[in-house]
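[1] no sequence on this one, just coordinates:
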């Protein structure tokens, strides 16, 4: 049963939140999004499990739902799987952000000739967050072609959400090792570990301990769906509390096999307190992206 706006509103009101900030939502060109849905429908090799898309709606309706849920800022996470895609995706995302003011202008890249130029152009044109998908893209974040891009993002203080954990299936360059080598060269890179680094939660928490600009998003972590095959280690719950100012709400909307509200419920049942929930669901990301006070 899809979430009702009233359910999510009750969660926000109980915590006294002006809204939610969701750093991991997907908006893509229509034909790309439909290919993603087709992949999940087929229980592709990266998932291997039934994955019904809860919010399989047209773009306008999906945007409207996030607004009804009280999400005051979200992203258009998109990513290439081969050369020649990223610049085109960036052009689409720039247009989407221009016509969707509550979407944080999102961009992406791929290790290819010209990547430094189009990534630099995206930053110049106002990109506020990037997405890198090491699993789908199948590339090493330490590829020499990407070195100027990481340097640019570190210098410009533009966060990059990186799918670098080995869930739902390991890739050649997933896991903490490649990211640890990247951060050793770019310790100031504002890197957001997608999915809390699932399933290598502990290793990515270690990186967050070591590098103050590393954050983690909650996307699909702690939910009933993910806990079946990639449970969060109970012994690390205290570390979530200690890193409370660097955990960010992410959901994977619309490509989730359960209602939106379940991600919020999964965070609440961790029992880390209302202050922690307020920070994770709004305040941390609002500060990171310098959002104006709600209502301005």
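    The structure has been received and is ready for your questions. On a predicted model such as this, the values are computed, not experimentally measured, just so you know.
[2] following the chain past the biggest helix by length in the chain, name the next helix or strand.
    Ranked by residue count, the top helix of the chain under DSSP state H comes out as helix 86-99. Going down the chain from helix 86-99, the next helix or strand is strand 103-104, by DSSP states H and E.
[3] direction included, what does that next one pair up with?
    strand 71-75 (parallel) (DSSP bridges).
[4] what's the separation between the closest residue to residue 87 other than its chain neighbours and residue 228?
    Nearest residue to residue 87, sequence neighbours excluded (C-beta to C-beta, 6 or more residues apart in numbering): residue 118, at 4.4 Å. The C-beta positions use only the backbone N, C-alpha and C, and glycine is treated the same way. Counting by C-beta to C-beta, to the nearest Å, the separation of residue 118 from residue 228 is 39 Å.
[5] between those two, who's got more neighbours?
    residue 118 (19 against 9; other C-beta atoms under 10 Å).
[6] pretty sure the more buried one contacts residue 89?
    No: using C-beta atoms under 8 Å, residue 118 is not in contact with residue 89, being 10.1 Å away.
[7] now do the longest helix of the chain: distance to the chain's middle.
    Distance, stretch centre to chain centre, for helix 86-99: 17 Å (C-alpha atoms, centre = their mean, to the nearest Å).
[8] same deal with stretch 280-289?
    That offset, for stretch 280-289, works out to 13 Å (C-alpha atoms, centre = their mean).
[9] give the closest residue to residue 9 in space, chain neighbours not counted.
    Of all residues not flanking residue 9 in the chain, residue 70 sits nearest, at 6.0 Å (C-beta to C-beta, 6+ apart).
[10] likewise for residue 52?
    Closest residue to residue 52 apart from its sequence neighbours, by C-beta to C-beta, 6+ apart: residue 257 at 5.1 Å.
[11] phi and psi next, for that neighbour.
    Note on residue 257: its backbone torsions stand at phi -90, psi 30 [degrees, to the nearest 10].
[12] buried sites along the helix or strand where residue 285 lies?
    In this structure, residue 285 sits in helix 284-288 according to DSSP H and E. Using 16 or more other C-beta atoms under 10 Å as the test for burial, helix 284-288 gives 284, 285, 286, 288.
[13] how about stretch 141-149?
    Buried residues in stretch 141-149 (16+ other C-beta under 10 Å): 141, 142, 145, 146, 147, 149.
[14] of these, which pair is most distant in space?
    142 and 149 (11.7 Å; C-beta to C-beta).
[15] from the buried residues of stretch 141-149, which is closest to residue 99?
    Proximity to residue 99 was ranked across the buried residues of stretch 141-149 by C-beta to C-beta; first place goes to residue 149, at 26.4 Å.
[16] that older thread, going by distance to residue 93, which of the buried residues of stretch 141-149 wins?
    residue 149 (16.1 Å).
[17] ok, now how distant is that closest one from residue 103?
    Distance from residue 149 to residue 103, by C-beta to C-beta: 22 Å.
[18] sounds good, over and out.
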